[in-house]
Structure formats: structure tokens, C-alpha cells
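coords please:
(chains A and B)
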Amino acid sequence: MAANGENLTSVDNTTTVQPPAGTIPAGASGGFGALAGRLFPWVFVGLFLAYVLAFLVAPTVVLVVQSFIGDNGFTLSYMEGLLDYQYMLAFENSIILSLASAAVGLVFGGLLAYAILQPGAPKFLRSMTTSFSAVAANFAGVPLAFAFISTLGTLGFVTVLLKHIGIDIYSMGFSLYSITGLTVTFAYFQVPLMLIIITPALEAMRAQWREAADGMGATSWQYWRLVGLPILFPSLLAAFLLLFGNSFSAFATPYALSDGNIALVPIDISNVLSGNVMSDPQVGAALSTGMILVMAVVLIIYSLVARRAARWRK
Amino acid sequence: MNKRLSLFNWTIILLGVVFFFVPLIVTGIFSLWQGGNRYGFSAYALLLNTPGFWASLFLSFRLAVETIALSFFLLVPSMIFVHLKAQWLKPLFEFISNLPFVIPAIALIDGLTTLYTGPSWLISTPNYLVIPYVFLALPYAYRSMDVGLTTLDVKTLTEAGQSLGAGWGRIIFWVLLPNLKAALVGATLLTLTIVMGEFTFASVLLFHTFAVFINDTGQNAITEAAALSLFSFLITWLFMLGVLVTGRRNPASLGGAH
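Next comes the predicted model:
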């Protein structure tokens, strides 16, 4: 730190004394001060990169190494351990939950965005939805879980209310603490997120396309099937992948909702980390590596699709 | 052209209103429930007198401020420099800013606890959380700054400053930062929102932040948990409104720590 401070002052001194750049070839007579001035910004770039390397890249590499190295060198046994029933179930649940909540977000968020973008929709509705979405997409984790426990938990307000009028949703097979319940809860941040992501793509749909289709006698269904959806497809797919990833890595909401008692990959990792279950740290590392692999695949496909989706927005 | 919304579109909007407002209203009612048919503010009164409430709230706020300070220290000078002189580094910075999406919080904390078992002055105080929090905030802080820098003519401003004899420190603090105010305020508010609600790192590392406090409260006192949930919704609302007002060009995008 002290060295940085010194550099800063020396840079200031030399540049104020020196005539404006250009009159004297830079570097020729600047001496140490000019050199320090040129090197100085690299200190910050270096600091940033070192920070990322030390606290993001290195921990990830350690995890990956740990899940492949046993007592006798390289081994696949930890990764094969993920095929155990318990961990297969966690991955299966996580993937089902992510697919389901992404699908709900996609359909409902998409329809909602479309509805409020219609020329007939009241203006206040549009601005209200935009700001509410920004809040709801960021409102998640523990408070969201408790809001839904108050609403749809076993003693939740809506649950009890429905029971009074003769509909017992829990005896009908619904449970807030299941994958179905989590899907409903996740919709609270997935739908607004979808709305935020898809709005630019919907706004780029030109009214002329619809008019042209109408002019040639196309029905609304034909327009969507042959024109609208094919154009939107890359944007929708990109949005779906982001929603999937968003749900796959979610930890706080399911943890608070189930008090850590639901088979999902992030919950299993936290149980290994906190010592709630007796298993080797390598199991946790293998689970984490598996999670990173899934996320990497999802986001690589996303970046490929997103490039295509940008085509119609130029 | 049919200028009125179809019945189908109205149904969708109505469903949305119900789905998004009912949990909030119900949480509000729940937080006022005092058993039986009695309603009042006892849950709130109780909370204000719980030492853990203020302690955890201040801790989370302090961590948020520290995270913002460290993020800006690491990002602002290096990003300005990359924009000006080292455009070839931009793809690397962009790639890094997306890494936190690929590496889920729970996996990162697994790696951090495996790799770093000391020194204890670092890992045994809640300040340790600031290290991973910087990564939680990174994608948003980076994007906000990037938009700010792209719309600003950094090159001309810097050259003007240099020709008047200003050094780097002066250019950054007196010329560039004031012009990046909207971007920085946006990044600040998003980071505040994310850190105030962060649960994953804090709960695994056993630090009593606000989200951990809400979770602990909720395990035995559901009405107080409802009050806290509503309170955190209002905090999020306040910060996000700030984001929307200050940076209409920087739409708040992806959600934070779920």
C-alpha cells in the first residue's frame, strides 16, 4: 500500500512539472517518474487479476483437483460416487426444479410481458410492472421463503382459507416443502426476471410484420407459428437457459423453506460443509464440481444462443 | 387496429397481480397476528427490542459498505485504464465478470473453505465475507461501470485533464468519477441489495448477518419472521427504486443471491 501511495505522488509531481505531452518525446527525458506513471495503472489491473485468481479461480481449481485426486493419485471414484442413489436424486431434483421453474417463468413471464406491451395496456401498468419486476427479481432467499410459508405453508393464510371453503390443498397432494412448492415459490423471482430479459426482444418485434401477415390473411395462430415464434425462438431459449441457471444455483430459498431437508445439490453441499452428514470433503468437492459443470454447459450454450438472438435487434 | 386489451391479456395481468400481491399482503397480515383473533404490532415491537436484530442489520450494512469500497477499489481504476489504454484486456474482464454465474455461491464457499484454513485474523471475523461478496456483486458492478464508461468519452476527458497537467489520481477523482456518478450509484445500490439479503456464505461460515438472523427467527417465531420478510422486501424496494431512478440506462437485471 505504501508503495502505491508513493507512486501516486511521484506521478503527480512529474506530470505537473512536465510540459504537456507531445512537446517532449515521452519516455526520452521523463526518467523514473514517467516510467512509474506508465506502470502505475498496471498495478490496479494486476491487483484485480490477482484477487480473482486467489479467491475465485484458485478455490475452483482446488475443488476440481480435490474431486479427482485420492490417496493414491488420480481417481474417478469420487465422481462415480455421485452416481449413488442419494446424490443422483439431488441432481435429478435440482434439474427437475430448474426445468419446471424456468418453464413457468418463461411462459408466464413471457405472456405477462406481452400483455403489458400491448398498445392498449394502460401506461401506469407498464411502469409499475417494470419497477416491481426489478424488486421481485431481487427479492429472494430467506424472506421470500417465509413470505410463502405465511401464504401457502401448512398453516399459511391461503391454505387455511381454502380449507374453510372445503379445499384442502395438502390432502390433494400439494406441499410447499416439495419440488412443486419450490417451483411455485421460485416463480416469484423467475417470472419477473423473464419479464426483464424478454421485454427488449418483444419490443423489437415490428408492428409491420403483424400487419403484413394480417394483410395476407393469416390468422393470429398462423402469425405466431410461422413468424413471431421463429423470430423470438433464440431469445426465448436464451432466457430459458438463464432462468435454469438462476434456479439451479439457488440455495437460500430452498434451505429456509425446508430447513435444509430437501434433496437438492446445493443443500447436499451445505450439509457436507457443515458436517451435518458424515461424508468426506471430497464428496462435497465432487458435488460442487458437478454443479459447476452443469452451470458451465448451460452458460456456454446461452452465450452461443444469445449471439443469434441479438440479430433481430439491430 | 384493435386498441383494447383482449380478455386473455387481462386475465394474465390479473393472475400476475394476484400471484405477486397476495403473498405480500398475507405476510403483512401474518406479521400483525397475535394469536386467536387479536392483531397488533407486538411482533414488530418485540423485534426492535431483540439485540440480534440491530446487531445483524448493522453487520450486514457494514459488510455491504465494505464490499462496495473493495469492489470500487479493485474495479474503478483498472476498468478506466482498460477502457483507455488496454482494450485488448476487455474480453478477459468481461469473461471474469461472468464467472460468478458459472461458479455457484455454495460451490465457491466450498472451495474457499478448502483452500484457506487461516490466517485466523482473516477467516474468523465476519469481514472475511467481504471477499466472496465482491464476486456476488461483480457482474452487476462491472456491467454498470461498463455502460457508464462506454457512454462517456473517457479518452477526450483524460487527454483534456492531462494537457492541463493533472495526474492519474486527479483525473480519476476530479474528472472521471463525477461523470460516472450514475453508474456508481447504480452499482452501489445493487451491491447493497445483494449483500443485505445474502445468506449462503454467511450461513455456511456461521456469521450472524441479517439474512441468517431472519432464518433463525423463522425457525421458531413465524410472525416475527413475517415481519422481517416484509421489512426486507421494503429495503429491496427502496434500493431498487434508487437504481431505477438514478440509472434509467442501466436496467437492473438478474437477481442476486437466491
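
Where does the stretch 51-200 of chain B get nearest to chain A, which residue?
residue B:111 (2.8 Å; C-beta to the nearest C-beta). Where you see a C-beta, it was placed from the backbone N, CA and C, and this is true even at glycine.

For residue A:228, see how far away residue A:266 is.
Separation of residue A:266 from residue A:228 (C-beta to C-beta, to the nearest Å): 37 Å.

Settle it for me: which of the two has more neighbours?
More neighbours surround residue A:266 than the other of residue A:266 and residue A:228, with 25 against 18 (other C-beta atoms under 10 Å in any protein chain shown).

near chain B, anything from the helix or strand where the more buried one lies?
Element membership of residue A:266, judged by DSSP states H and E, is helix A:265-273. Yes - using C-beta under 8 Å from any C-beta of the partner chain, helix A:265-273 comes into contact with chain B via A:266, A:269-270, A:273.

Using CSV, lay out these together with pLDDT and distance to residue A:56.
CSV is the format used below for these (pLDDT from 0 to 100; distance: C-beta to C-beta, whole Å):
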residue, pLDDT, distance to residue A:56
A:266, 94, 18
A:269, 92, 17
A:270, 92, 19
A:273, 88, 18
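
What count of nearby residues applies to the closest residue to residue B:171 other than its chain neighbours?
Leaving aside its chain neighbours, residue B:171 sits nearest to residue B:161 (4.2 Å; criterion: C-beta to C-beta, 6 or more residues apart in numbering or on different chains). Here the count is done by other C-beta under 10 Å, and residue B:161 has 19 residues near it.

For residue B:161, grab phi and psi.
phi -60, psi -40 (degrees, to the nearest 10).

again, but for residue A:175
When read as degrees, to the nearest 10, the backbone of residue A:175 gives phi -150, psi 130.

next one: residue A:70
phi -110, psi -160.

The residue of the stretch 51-200 of chain B closest to chain A: neighbour count?
The local packing of residue B:111 (other C-beta under 10 Å) involves 27 other residues.

what's the answer for the one 5 residues further on, then?
Residues within reach of residue B:116, counting by other C-beta under 10 Å, total 17.

now do residue B:99
Residue B:99 has 18 neighbouring residues, counting by other C-beta under 10 Å.

sec struct for it, please.
Assigned with DSSP: H, G, I helix; E, B strand; the rest coil, residue B:99 falls in the helix class.

ok so, going back, buried ones among the residues of helix A:265-273 next to chain B?
A:266, A:269-270, A:273 (16 or more other C-beta atoms under 10 Å in any protein chain shown).

from those, which is closest to residue A:283?
residue A:269 (9.0 Å; C-beta to C-beta).

From what I see, that closest one and residue B:107 are in contact.
Yes - counting by C-beta atoms under 8 Å, residue A:269 sits close enough to residue B:107 to count as a contact (6.9 Å).

list the residues that contact both of these two?
Common contact partners of residue A:269 and residue B:107 (C-beta atoms under 8 Å, 6 or more residues apart in numbering or on different chains): A:288, A:291.

now what about stretch A:49-58, what contacts it?
Against stretch A:49-58 from outside (C-beta under 8 Å, 6+ apart): B:74, B:96, B:99-100, B:103, B:108, B:111-112, B:115, B:131-132, B:134-135.

if you set the cut-off to 7 Å instead, what comes out?
When contacts are defined by C-beta atoms under 7 Å, 6 or more residues apart in numbering or on different chains, stretch A:49-58 is touched by residues B:74, B:96, B:99, B:103, B:112, B:115, B:131, B:135.

Where does chain A get nearest to chain B, residue-wise?
Going by C-beta to the nearest C-beta, chain B is nearest to residue A:59 of chain A, at 2.8 Å.

For my notes, confirm that residue occurs in a helix.
Yes - assessed by three-state DSSP, residue A:59 belongs to a helix.

Leaving out chain neighbours, which residue sits closest to it?
Per C-beta to C-beta, 6+ apart, closest to residue A:59 is residue B:111, 2.8 Å.
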